[in-house]
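Engineer: Mind looking at a prediction? Sequence and model below.
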Amino acid sequence: SPWAWGIFPYHHYHSTAWELLLCVQGSANIQLGGEEGPQLVVKTGDILLVPPGFAHKQLSASGGFTLLGSYPPNSGRVDTLTGPPTNQERKNI
């Protein structure tokens, strides 16, 4: 189901679903792919499609940063993981 918010301020990923993010207000500096991954600025109108297993984190935000986010309807329960995946989670990815 869709939601409106930002991105967690810690690296996390989902093993069970793609995540679609549309920035509808403000801007944020985010980091993709873990601690060594690139940083980029997301601003109003930008769309991100985050694949399963891909870490992402919000570093800072301004201007009332808000995303509309959604997972595919057939995703079932979407997990939020912060550590190494289990064997089952690795299969999901």
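Structural biologist: Arrived safely. Residues are numbered from 1 along each chain as shown.
Engineer: And the residue positioned nearest the centre of the chain, how close does it get to Gly33?
Structural biologist: The centre of the chain sits closest to His56, judged by C-alpha atoms, centre = their mean, with a distance of 5.2 Å. Distance, His56 to Gly33, using C-beta to C-beta, to the nearest Å: 8 Å. C-beta: built from backbone N, CA, C; applies to glycine.
Engineer: Please enumerate the helices of this protein.
Structural biologist: Using DSSP state H, the helices of the chain run over residues 87-92.
Engineer: Helix or strand, whichever it is, which one in it has the lowest mean pLDDT?
Structural biologist: Every helix and strand of the chain was ranked by mean pLDDT, DSSP states H and E. The lowest is helix 87-92, at a mean of 92.
Engineer: is Leu68 in a bridge, and if so with what?
Structural biologist: For Leu68, the beta-bridge partners are Ala4, Leu22 (DSSP bridges).
Engineer: wait, doesn't it sit right on Ser1?
Structural biologist: No - using C-beta atoms under 8 Å, Leu68 makes no contact with Ser1, being 11.5 Å away.
Engineer: Looking at those two, which is more packed in?
Structural biologist: A count of neighbours by other C-beta atoms under 10 Å puts Leu68 above the other of Leu68 and Ser1, at 15 against 8.
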